[in-house]
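*Asks:* Sequence first, predicted model second:
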Amino acid sequence: MEYLKIFTKLISNELHLPEAGVENTLKLLDEGCTIPFISRYRKERTGGLDEVQITAICNRNEQLQEIAKRKVTIVKTITEQGKLTAELQKRIDDCWELTTLEDIYLPYKPKRRTRAQVAREQGLEPLAHLLLLQREADPAKAAQRFAGNGLSVADCLRGAQDIIAEQVSEDERSRNLLRSAFRREAFIVSTVVKAKKDTDEAQKYSDYFEWEEPLKRCSSHRLLAMRRGADEGILRVRLTIDDDEAVRRLKKGLPPAPPMGGGACRRLLEEAVEDGYKRLLLPSIETEFMALSKEKADEEAIRVFAENLRQLLLSAPLGQKRVMGIDPGFRTGCKVVCLDAQGNLLHHEAIFPHPPVNHRMQATIHVQQMLKDYQIEAIAIGNGTASRETKEFIEDALKSLSQPSKPTQPSQPTTPSPQVFVVSEDGASVYSASKVARDEFPDEDVTVRGAVSIGRRLMDPLAELVKIDPKSIGVGQYQHDVDQGKLKHSLDQTVESCVNLVGVNLNTASQHLLTYVSGLGPVLAQNIIDYRREHGAFTSRAQLKKVPRLGPAAYQQCAGFLRIPDAKNPLDNSAVHPESYHVVEQMATDQHCQVVDLIKDKTLREQIDIRHYVTADVGLPTLTDIMKELEKPGRDPREQIEAFEFDASVQSVEDLHEGMELPGIVTNITNFGAFVDIGVHQDGLVHVSQLADRYVSDPTQVVRLHQHVRVRVISVDLRRQRISLSMKGMKR
């Protein structure tokens, strides 16, 4: 890497991380290693840096690489103008802050034909220099030397002022002075466009019709809301500072007037400063700070979205069970699918247990028959329209099924009734119309595919949700307003992190899930699927080397994250990397047993002193991880799934009243609070100030997505369908 030493020092200082760890991380990234691989299997080289720290190093490295590319363009442009000096080259070389770099470049940056440029072409730059010296008692007299060819004395003086105004606006000191003022005292001001004030679409922005607050205290969601209102033509948003004070400070930066005279020149200079401030400098810095504040708001919104997505992807799985998936509905009926333990579609049909069709008895018979025919172990119901009604119908069907017409003999075992779960169906419709769904079920319509997705989400949320564009899952705030490139990059990193944290079953994973495994990607993932289809299930990780185009580098990156449950070598179903198998085998040899015995027998493991196995390549961090894996090979880090029941007495918003305490499910988390489903087809908001009996700065520290909580109703706005909730004083 050309800039390795420079980047190492910069990143180490910015992130407060050891230089050795940063340098080795940069080297590993340059070698093509992924973040999950580095954080899991290269702890010795990084000094034990975790995934968050390595991600921060990676992101900052990418930013610095972009700055390095920008420098090449800047130097080339200035060189072509014949203005590159050794001093200027050094300033550019030493600068790694983009704003400062652009300030250095600004005087040389090609721009449209400005008033100052016209004045220079008219030969007025020397006059501007004379004004700056302030030695002319009569500036008009000095300007007469430049008049002619259609230029009056007044034209010459205005032209000279235009040059000075542009110099002020491009001066680094002036720009930094104004930036400092914006950082300290800028206010963001939002007003409504009068013509739109009384329209229905404007009402959602009513809080911002007359809004003003310090920019440094403006939260991410408020800024994004105001910007969206401005984009829709409903609001006008601007930044303000004390203009008079800013101009006064800029004037102090002018060259001092000589002891004798200069008053007339001084007045012209101050006029030029005022013009440069209002016409050039203020709009430029205001635009810069609007962009910076948007960038910060984006970062916060993306952080919240990524954290929500992580929690959603790591939701508790039911596991490999025979599942009935139901996409509920009223008029169009409920779409029912039956899946085997691997998620394969066995049967589908539509039932109509609700009005207006209301074939409840017939629907009950059909459901009970499907439960028997396909030996259903669990039922997943989508949480959309008719969800509660469908859940009640299914529970009634199960009750009547569990009441046999003839007494059951004591010796006859009874089949346990399937558990019923309500599953988030956000994004299911997007999946059902996607290419992935069409490839999986080319002969089925979108309603069947959607029901399959709901059923599979219960079995393994991670494996199913990776097939859907994260933006369609509905767990973000203003996700369509933020930088889409940065959002995609962050969400892709989050999905990759979750997939590799959990691990992937090599013999059952879809092509889409395999795509996110460290070192793979769409092509290698498809090659694995093709190899599996042709040769049957993998029996060892080593077989991966036979997959077309999966070379040594890709094998090194992916092998530790792929699991083979029934492999001959038990380590193939663990997070122990094949490069460390020899260490475990040596441990087994030293204990006079087999590797499988080490896994089964805690006593044998306790006799191992891992310090005896430290080498130049294998350190204590790796050995510690190996021992954890031997204790619970291939363990799933996700929690156990829990069933949930809404309050049966509450069916709609009209049933709510102040003070009522209810069970709920967290459906979305933002930096201003958490949305909770309490079973009335309209989520309520627990504002950040109502999340706990203490100050909460980050809602994710208190609640997690899909958490079961108890809430108290504070207020209900029936007109706007808004429900305010509190978790203060409630048992968790």
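*Replies:* Yep, it's here. Worth saying up front: this structure is predicted, and the values here are computed from it rather than measured.

*Asks:* what about the residue lying farthest from the centre of the chain, distance to Gln65?
*Replies:* The outermost residue of the chain, judged against the average C-alpha position, is Lys141 (63.8 Å), by C-alpha atoms, centre = their mean. Computed as C-beta to C-beta, to the nearest Å, the Lys141 to Gln65 distance reads 56 Å. Every C-beta, even on glycine, is put in place using the N, C-alpha and C of the backbone.

*Asks:* Next, the buried residues of stretch 263-278.
*Replies:* Across stretch 263-278, burial judged by 16 or more other C-beta atoms under 10 Å covers Ala264, Cys265, Arg266, Leu268, Leu269, Ala272, Val273, Glu274, Asp275, Gly276, Tyr277.

*Asks:* Could you export these as a markdown table, including pLDDT, secondary structure and distance to Asp162?
*Replies:* Below are these laid out as a markdown table (pLDDT from 0 to 100; DSSP: H, G, I helix; E, B strand; the rest coil; distance: C-beta to C-beta, whole Å):
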| residue | pLDDT | secondary structure | distance to Asp162 |
| --- | --- | --- | --- |
| Ala264 | 90 | helix | 18 |
| Cys265 | 92 | helix | 16 |
| Arg266 | 92 | helix | 18 |
| Leu268 | 95 | helix | 11 |
| Leu269 | 95 | helix | 13 |
| Ala272 | 97 | helix | 8 |
| Val273 | 97 | helix | 12 |
| Glu274 | 97 | helix | 13 |
| Asp275 | 97 | helix | 8 |
| Gly276 | 97 | helix | 9 |
| Tyr277 | 97 | helix | 14 |
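
*Asks:* how about the strands in the stretch 401-550 of the chain?
*Replies:* 419-423, 504-505 (DSSP state E, counting those that start in this stretch).

*Asks:* Of those strands, which is nearest Val653?
*Replies:* Nearest to Val653 among those is strand 419-423; the distance by C-beta to C-beta comes to 18.7 Å.

*Asks:* Give me the contacts around the closest one.
*Replies:* Residues from elsewhere that reach strand 419-423 (C-beta atoms under 8 Å, 6 or more residues apart in numbering): 318, 377-383, 387, 391, 394-395, 398, 454, 457-458, 641, 643-644, 665.

*Asks:* Recalculate using a threshold of 7 Å.
*Replies:* 378-383, 387, 391, 394-395, 454, 457-458, 643-644 (C-beta atoms under 7 Å, 6 or more residues apart in numbering).

*Asks:* could you dump it to PDB, C-alpha only?
*Replies:* What follows is strand 419-423, C-alpha atoms only, in PDB (Å, rounded to 0.1, in the frame of the first residue of the first chain):
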ATOM      1  CA  GLN A 419     -47.600 -23.500  18.700                       C
ATOM      2  CA  VAL A 420     -48.900 -20.300  17.100                       C
ATOM      3  CA  PHE A 421     -46.700 -17.400  16.300                       C
ATOM      4  CA  VAL A 422     -47.300 -14.000  14.800                       C
ATOM      5  CA  VAL A 423     -44.500 -13.100  12.400                       C
END
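
*Asks:* the bottom helix or strand of the protein by mean pLDDT?
*Replies:* helix 428-432 (a mean of 88; mean pLDDT, DSSP states H and E).

*Asks:* Give me the residues contacting that helix.
*Replies:* Contacts of helix 428-432 (C-beta under 7 Å, 6+ apart): Gly382, Ala437, Val446, Arg449, Gly450, Ser453, Ile454, Lys467, Ile468, Asp469, Ser472.

*Asks:* Can you give the distance of it from its chain's centre?
*Replies:* 21 Å (C-alpha atoms, centre = their mean, to the nearest Å).

*Asks:* What residues of that helix count as buried?
*Replies:* Ala428, Ser429, Val430, Tyr431, Ser432.

*Asks:* Just name the closest of these to Ser490, please.
*Replies:* Closest to Ser490, out of all of the buried residues of helix 428-432 and judged by C-beta to C-beta, is Val430, at 19.4 Å.

*Asks:* where in the stretch 151-300 of the chain is pLDDT low?
*Replies:* For the stretch 151-300 of the chain, the stretches with pLDDT under 70 are 260-262.

*Asks:* tell me which residues of stretch 437-453 are tucked away?
*Replies:* Ala437, Glu440, Phe441, Glu444, Val446, Thr447, Val448, Arg449, Gly450, Ala451, Val452, Ser453.

*Asks:* Could you provide those residues in a markdown table, with additional columns for pLDDT and distance to Leu177?
*Replies:* Putting the buried residues of stretch 437-453 into a markdown table (pLDDT from 0 to 100; distance: C-beta to C-beta, whole Å) gives the following:
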| residue | pLDDT | distance to Leu177 |
| --- | --- | --- |
| Ala437 | 91 | 57 |
| Glu440 | 91 | 61 |
| Phe441 | 93 | 63 |
| Glu444 | 93 | 66 |
| Val446 | 93 | 59 |
| Thr447 | 92 | 63 |
| Val448 | 95 | 65 |
| Arg449 | 95 | 60 |
| Gly450 | 94 | 58 |
| Ala451 | 95 | 63 |
| Val452 | 96 | 62 |
| Ser453 | 94 | 57 |
